[in-house]
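Asker: Give me a model of this one.
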Amino acid sequence: MANSNSVDMDPDVALRLFKEGATLVLLGVPQGTELGIDCKSWQVGPRFKGVKMIPPGLHFLHYSSVNSPSCGGEIGPKTGLFLTLKPKDIMLANWDPKEEDLDFSASQNEEEVSRIRATLQDLDPHLGPYPYEVMRKWVSLTDRLSEELANNLQPLSGRICAFSDVIPELQLRHTKDRAEQPRNDTACQSMKEGLNRLPRMKQREGTELRFSVIPEKKYPAGATPAEITQCSLDLSYALETVLEKNHELQPLNLLGELQFAFVCFLIGNVYEGFEHWKSLLTLLCRSEEAMRKRKELYLGLIAVLYHQLGEIPPDFFVDIVSQSNFLTSTLQDFFQFSSGAGIDGTLRKRAEKFKAHLTKKFRWDFDADLDDCAPVVVELPEGVTVD
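Answerer: Next up is the predicted model:
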C-alpha cells in the first residue's frame with residue numbers, strides 16, 4: 001500500500017491493536033488499484049495484501065480498478081460496501097479480475113480463515129495499518145448509522161456503485177421485437193426525437209439503494225385546498241409519513257439514513273446519495289410542527305449537519321448547491337422555524353449557535369432575503385468575528 005503514513009503510536013499500543021483489531025485480507029488486488037477504508041484511500045502497491053488494526057464497528061470499504069499503463073491507466077468508477085467488524089475478526093476476499101471486484105465468499109470457509117489466522121504474523125509486512133488519523137472524522141459522520149440500518153439501506157447486491165448498473169427495459173431477444181422498434185437509419189429532426197429513439201433503461205434489480213421513499217404528494221388524500229396549502233408550507237405531514245413507513249420504532253434512524261446518503265456521496269461518489277440527502281434535509285428543515293414535537297430528532301439533526309458541513313469545502317456550495325440556492329434557503333427556513341413559538345428552549349439555543357457558526361464559516365446571512373443565484377455574503381468590519 002503506497003502513501004500509507006499512519007499516526008505515530010506507542011509500540012505497545014500498536015501491538016495491542018494488531019492483536020485486538022480486525023483484519024481485512026484482500027488477496028490479488030492489482031497494483032495501482034485505488035482502495036480505501038472510511039475517509040482514507042491509497043494506491044495499492046505490489047506487496048499489498050490487506051488492512052490490519054481496524055477498530056471494531058461499521059466501516060466503508062471502497063475501491064476503483066485501474067487499467068494497465070499500456071491501456072492508459074484510467075481509473076474506473078468507485079465501488080463500495082459497508083462492513084461491520086468485531087474484535088479480532090478476519091475477513092478474507094479474493095480479487096475477481098473478470099468482475100473487477102472483491103469476492104468475499106472465502107470468508108465463509110472456516111478452514112481457510114483459520115489458515116490465514118495461523119499465518120497472520122507472516123502476512124503482517126503486507127498489511128497496511130488502519131488510518132487512525134481519520135477515525136474521529138469517520139465516527140462523527142456515522143455515529144447514528146447502525147449495522148442493521150446500513151444493511152437495510154445498501155443494495156441487495158451488497159455493492160454501492162458510483163455508476164448505476166442499468167439494462168434496457170425491453171430485452172428485444174427476438175428478431176420480431178427488434179423489427180418493431182423505431183428505425184435509426186434516418187436523421188433525427190429534433191433532440192426530442194433523438195431521445196425518444198434511445199432504448200429506455202432501468203436499474204438492474206438488486207443494485208438499487210433502498211432509501212426511504214418520500215411521497216410526491218405532501219398532503220393527505222381528500223385534503224381541502226387550505227390543507228394542501230398548509231402541508232406545502234409545513235412538510236410535517238410528509239415527514240411523519242416517512243417516519244411511520246420506514247422508522248416508526250426508531251425515528252432517530254432517519255438521521256442515520258441522512259448520514260448513509262452523505263457517505264455514499266462524499267466517499268462513494270454516488271450522486272443519488274447527494275439527491276436523497278437534499279430531499280431528507282428539505283423534509284426535516286421545513287417541518288415546523290414536527291420541530292415542536294420531536295426535540296431529540298432536531299437536536300440530533302444539528303449535530304449531524306455540523307459534522308457533515310465541516311467536511312465540504314465552502315466553494316462546493318458555490319459551485320453546486322447554490323445554483324438553485326438549495327442549502328441557504330433550506331437552512332433559512334430551519335432557523336426561522338426553530339425560533340418560533342412552542343420550540344423547546346434547548347433546541348432554540350442550539351439552533352442559534354449553529355446559525356452563528358455557519359454565518360462565520362460561510363459568511364451567509366440567514367436573516368436577509370436570499371436572491372435566486374447565490375448565498376448572501378455578510379461583510380464583517382475588519383477585526384470583528386462571530387462567536
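Asker: what about Glu275, distance to Leu81?
Answerer: With distances taken as CB to CB, to the nearest Å, Glu275 is found 21 Å from Leu81. In this view, the C-beta of every residue, glycine as well, is placed from N, C-alpha and C.
Asker: Which one's more surrounded, those two?
Answerer: The neighbour count for Glu275 versus Leu81, taken as other CB atoms under 10 Å, is higher for Leu81 (21 against 13).
Asker: ok now the helix or strand hosting the more buried one, how far from the chain's centre?
Answerer: Per DSSP states H and E: Leu81 is located in strand 79-85. Counting by CA atoms, centre = their mean, to the nearest Å, strand 79-85 is centred 12 Å from the centre of its parent chain.
Asker: Who does that strand pair with, and is each partner parallel or antiparallel?
Answerer: If you go by DSSP bridges, strand 79-85 pairs up with strand 57-64 (antiparallel), strand 160-161 (antiparallel).
Asker: Please work out the average pLDDT along it.
Answerer: In this model, strand 79-85 carries a mean pLDDT of 97.
Asker: ends of stretch 146-160, how far apart?
Answerer: Start to finish, the residues bounding stretch 146-160 are 17 Å apart (CA to CA, to the nearest Å).
Asker: list the buried ones in it?
Answerer: Neighbour-count burial for stretch 146-160 flags Leu149, Ala150, Leu153, Gln154, Pro155, Arg159, Ile160 (criterion: 16 or more other CB atoms under 10 Å).
Asker: And the contacts of that stretch?
Answerer: Contact with stretch 146-160 is made by 58, 79-82, 84, 101, 206-211, 253, 256-257, 260, 264, 268, 270, as judged by CB atoms under 8 Å, 6 or more residues apart in numbering.
Asker: Of these, keep whichever come out buried.
Answerer: Neighbour-count burial (16+ other CB under 10 Å) is assigned, among those, to 58, 79-82, 84, 101, 207-209, 211, 253, 256-257, 260, 264, 268, 270.
Asker: Going by neighbour count, which residues in stretch 98-110 are buried?
Answerer: By neighbour count with 16+ other CB under 10 Å, stretch 98-110 contains the buried residues Glu100, Asp101, Leu102, Phe104, Ser107.
Asker: will you turn the residues you listed into a markdown table that also has pLDDT, secondary structure and distance to Ser41?
Answerer: Converted to a markdown table, the buried residues of stretch 98-110 look like this (pLDDT from 0 to 100; DSSP: H, G, I helix; E, B strand; the rest coil; distance: CB to CB, whole Å):
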| residue | pLDDT | secondary structure | distance to Ser41 |
| --- | --- | --- | --- |
| Glu100 | 91 | coil | 17 |
| Asp101 | 95 | strand | 17 |
| Leu102 | 96 | strand | 15 |
| Phe104 | 96 | coil | 19 |
| Ser107 | 92 | helix | 22 |
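Asker: which of those residues lies closest to Thr229?
Answerer: For those, the minimum distance to Thr229 (CB to CB) is 50.0 Å, reached by Asp101.
Asker: I'd like to know how far the residue nearest to that closest one when sequence neighbours are not counted sits from Ser65.
Answerer: Leaving aside its chain neighbours, Asp101 sits nearest to Thr79 (6.4 Å; criterion: CB to CB, 6 or more residues apart in numbering). Using CB to CB, Thr79 is found at 8 Å from Ser65.
Asker: again, but for Ala14
Answerer: From Ala14 across to Ser65, the span is 31 Å (CB to CB).
Asker: Can you pick out the residue with more neighbours from these two?
Answerer: Neighbour count, other CB under 10 Å: between Ala14 and Ser65, Ser65 has more, with 21 against 17.
Asker: I'd guessed that one sits against Glu99; true?
Answerer: No: using CB atoms under 8 Å, Ser65 is not in contact with Glu99, being 9.6 Å away.
Asker: In the stretch 51-200 of the chain, where is pLDDT below threshold?
Answerer: Applying pLDDT under 70 to the stretch 51-200 of the chain picks out residues 68-73, 165-167, 169-199.
Asker: residue ranges of the strands in it, please?
Answerer: For the stretch 51-200 of the chain, applying DSSP state E, counting those that start in this stretch gives strands covering 57-64, 79-85, 90-96, 101-103, 127-129, 160-161, 166-168.
Asker: which helices and strands does the third one pack with?
Answerer: It stands for strand 90-96. Judged by 3 or more CB pairs under 8 Å, 6 or more residues apart in numbering; DSSP states H and E, strand 90-96 is in contact with strand 22-27, strand 101-103, helix 110-118.
Asker: list the buried ones in it?
Answerer: By 16+ other CB under 10 Å, the buried positions in strand 90-96 come out as Ile90, Met91, Leu92, Ala93, Asn94, Trp95.
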